[in-house]
Every structure is written in structure tokens, then in C-alpha cells.
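Asker: Structure, please.
(one chain, ligands or ions: 2)
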Amino acid sequence: MSLNDTPRATRLHIGLYGRRNSGKSSLLNALTGQSVATVSEVAGTTTDPVYKAMELHGIGPVVFIDTAGFDDEGTLGELRVGKTQDAAKATDMAMVLFHDADMTEELAWVAKFRRHETPVIPVVSQADTLPDGGKALAATVAEKIGTQPVIVSAVEGKGIEQLRAEIVRKLPEGYASGSITGDLCKSGDLVLLVMPQDIQAPQGRLILPQVQTLRELLDKKCLVMSCTTDCLEATLAKLTEPPALIITDSQAFRTVYAQKPAASKLTSFSVLFAGYKGDIDYFAASARKLATLPRDAHILIAEACTHKPLKEDIGRVKIPRLLRKKLGDQLHIDVTAGRDFPTDLTGVDMVIHCGGCMFNRKYVLSRVAECRAQGVPMTNYGMTIAFLLGILDDVVLPH
Ligand SMILES: Nc1nc2c(ncn2[C@@H]2O[C@H](COP(=O)(O)OP(=O)(O)O)[C@@H](O)[C@H]2O)c(=O)[nH]1
Ligand SMILES: [Mg+2]
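Answerer: Numbers count the residues shown, from 1 in each chain. Ligands and ions are numbered 1, 2, ... in the order given. Here you go, the predicted structure:
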């Protein structure tokens, strides 16, 4: 999905609040990895609040609000402070920056946000300039507001991943990326769904990702055709033009790839759900890292469902078999199920997650955030299969 397809109003608005020169604009740039906001030594450089819609890695579409600073002086200053107050009303989540022993105004802002039930992330900024790396100031803040602040340095790039994890932790429950198929198809496009109804398919119904995808395609006014893998050839032969997009069950990937018309884009349900329920770019980058894992690497496979494993279970049988075939017999593979996910990932070289249809996006993103913070790559089933079959570069990713 292109950035502008998510209406600004429905995006999560994250506001940065602090005095002039507390490092708000620098922090925003560090978080996004871009120069979104003007940084200056001259206090009061950011004048009106700047609303910037963007894709935040590990989170999704958001709007950042970079404010002028709440200690602005003079007539023009008052106007700016007024605008900062106004921006606060549109803020779904607030970062309040602390950098000074006098924190009267900062505390008042925290209290104000809390009164409005707006989640607040306290931040100790420019930590590299503070005598003990900001620890004493952080302790004082924690004592005053009952929440441990994240200590950051935009210049040294420290604390940025922790801040990202904190944003994920504070996301509203229902936070979703908005679209499953994103920019991959539009109204009037012919979309073919390949859905093998094998031993693992539940009796008499489709699985949730298939149902949700189908519903979205109908809402989008796409023309939808469905078949099982064995009927793919006959289906393609009946169509007068190649489908704009083919969405297949990951397990039929190779078969579908071999038969697909050159003009059709191909993706899988689990790749789509990697984006809908997780961080597609982190998953794709992590899947590529499978190639460089040591032969005796430790891989953690995380299943959302706690159903009794089936004979040809994808997480317990199929993926481990594919991994061993590609990477050798010395791999250590553990499987975890349900909410049973370790907080300490020491010794884990790679996490491979299921599609997460039983979890909400916030929950999957919190796992991604834990992995990112601990420097552990994390990908999902669809991405893993695509990589192991050597077709990751031929799969289209939704955005
Ligand atoms: N040493 C250091 N300087 C910083 C840091 N963050 C910002 N600065 C500097 O502090 C000044 C004000 O930063 P800016 O981001 O414009 O602050 P804002 O007014 O709150 O938006 C600039 O000179 C920045 O280069 C940091 O983490 N460490
Ligand atoms: Mg600024």
C-alpha cells in the first residue's frame, strides 16, 4: 500500500513534546532513519507543529508530530505554544522529553496526557551529554511519574530500539495495518486464490487468513477466482487473461510458481499476513539471513496455535525438514506454542513465526520488537518457505 493510501486520520499519531533544544527533532530523525525534521542549535527552530505521515519500521503507518517546544517565549512564542497544545489533542501517543533537573513543565505535560488517557513514553534525551549517561535523571523521573523513562542519545543512536519497543508496547489493542493486500491489487483486478484443501484444512470451512483476504478483495471490488492446486492449470486455461495477482497457500508455492503466467504477480497468504500482522521488511531481511546461519544454529519456531500437531504439521514437520535440507542436520530447532514465548532470546540465532492469525498485530509486533531489541532476526513461515525454495525475490510483498 502506498503511504497515502492510509488516510492520515486513521494513522496512529505520535507526538514529541519537550522544551526547545531538548532534541525532539533529532530523536524523530533517529527513529525514522531519515531527516524528517529540521535540527538546529538555535532554540525555536521548529515553529509550527510538523505532521509527517510515514511508515515506521516495526510498527506501520503513523503520523509523527514534531512540536515547537513548550517553553517558547514572546508573542510569537505564545502562538507556538498554543499550537503545541492543539497538537496534543490529536496525539494518540506522546513522548515527553526530559533533559534538565527542572522538570516542572515536563511533569505537567505528563499529567495532562494521562488525564486524557493518552499513553505517555517518558524519554531522557541527549544522554551522551549528561554526566552519568542520564541514569540519575531517569531515576528522578521514574520516582516522580512512576514510569521508567527510555534513555536515548540521537547522536550516538542509543536507546532507539528500546523506544521502538516501548511504542509497540503502548499501541492500542486494535491497531492494525489497515489492509492485507495493500498495493498489490486494485478495483477491477482479477485475483486468483490457490487454496489446497488438504489434510490440514479444517472440515467444512476455510481458514481465517483465506476468509479475511477474500472479504477484503470483495470489498475492494476485485474479481476473485478460487481453486485448489490440482485445478490450477484448468483454471488458468479457462481465464481469458492472466490474473493480475495470484495468492497461494505457501505450501503450494513451488507448484504455482512453475505454472503461473509471466504477467501475474505471485504472493502467499502467509506473506500477506506477514505484513498485516507483522513487520514485512524485517521478516524479509531476516529470511535472507537464513543463508548465513552457522550449521549448528539455534532456530526457534513460534506457533500461535496450540492445536494438537498434525502428521504433516507445517511448523513441526515441514519447515524443519526444509531447513535441514538446505542448512544441514546439525541445526537445533525448538518449537514454542501459544503465548509461551521466551523473553530472553540469548542463544537463539533466528525466530521463525507462524502467520499469527490467532494474534492481533500489536502482539506479533511486540515479539518483533523483542527480537529487534536483542538483535535476533525474526521471520515467518511464508517468508521462510519462499526463501528456502529460492523464490523470495519473485514474491511480491504488500506495502
Ligand atoms: N550531543 C547530543 N546532541 C544532541 C542530541 N540530540 C540533539 N542534539 C543537539 O541539540 C540541538 C537541538 O536539537 P533539536 O533536535 O533541534 O531539538 P528540538 O528543538 O527539541 O527539536 C542540536 O544542536 C542537536 O544537534 C543528542 O542525543 N546528543
Ligand atoms: Mg525541533
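Asker: contacts and neighbour counts: CA atoms only from here.
Answerer: Noted.
Asker: Could you report the neighbour count for the residue in the stretch 251-399 of the chain that ligand 1 sits nearest to?
Answerer: Ligand 1 sits closest to A373 of the stretch 251-399 of the chain, with a gap of 18.9 Å, by CA to the nearest ligand atom. Number of residues near A373 (other CA atoms under 10 Å) recorded here: 16.
Asker: so where do the helices sit in the protein?
Answerer: All helices of the chain, identified by DSSP state H, fall at 24-32, 74-89, 104-115, 135-145, 160-169, 208-219, 232-238, 253-259, 269-277, 280-289, 319-327, 361-373, 381-388.
Asker: now the ones you listed in CSV, with mean pLDDT and distance to P122?
Answerer: Listed next are the helices of the chain as CSV, based on pLDDT from 0 to 100; distance: least, CA to CA, whole Å:
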stretch, mean pLDDT, distance to P122
helix 24-32, 91, 12
helix 74-89, 73, 15
helix 104-115, 92, 8
helix 135-145, 97, 8
helix 160-169, 91, 10
helix 208-219, 92, 37
helix 232-238, 97, 54
helix 253-259, 92, 46
helix 269-277, 85, 27
helix 280-289, 94, 26
helix 319-327, 93, 41
helix 361-373, 84, 18
helix 381-388, 88, 36
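Asker: quick one: which of those is nearest ligand 2?
Answerer: Checking the helices of the chain against ligand 2 by CA to the ion gives helix 24-32 as the closest, at 4.1 Å.
Asker: Y276 touches R361, doesn't it?
Answerer: Yes. Assessed by CA atoms under 8 Å, Y276 is found in contact with R361 at 7.2 Å.
Asker: mind listing what L208 touches?
Answerer: By CA atoms under 8 Å, 6 or more residues apart in numbering, L208 lies in contact with C357.
Asker: Just the pLDDT at P7, thanks.
Answerer: Predicted confidence (pLDDT) for P7: 52.
Asker: Comparing the helices of the chain, which stretch has the densest surroundings?
Answerer: Of all those, helix 269-277 has the most neighbours on average by mean count of other CA atoms under 10 Å, namely a mean of 26.
Asker: quick check: angle from that one to helix 280-289?
Answerer: Angle of helix 269-277 versus helix 280-289, following axes from the mean of the first three to the mean of the last three CA atoms, to 10 degrees, is 130 degrees.
Asker: show me what contacts F64?
Answerer: Contacts of F64 (CA under 8 Å, 6+ apart): 13-16, 28, 50-54.
Asker: swap in L293?
Answerer: Contact partners of L293, counting by CA under 8 Å, 6+ apart, are D349.
Asker: if you set the cut-off to 10 Å instead, what comes out?
Answerer: 299, 327, 331, 349-350 (CA atoms under 10 Å, 6 or more residues apart in numbering).
Asker: Reformat the residues you listed as a markdown table; add distance to ligand 1.
Answerer: Output for these, formatted as a markdown table (distance: CA to the nearest ligand atom, whole Å):
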| residue | distance to ligand 1 |
| --- | --- |
| I299 | 36 |
| L327 | 42 |
| L331 | 41 |
| D349 | 31 |
| M350 | 31 |
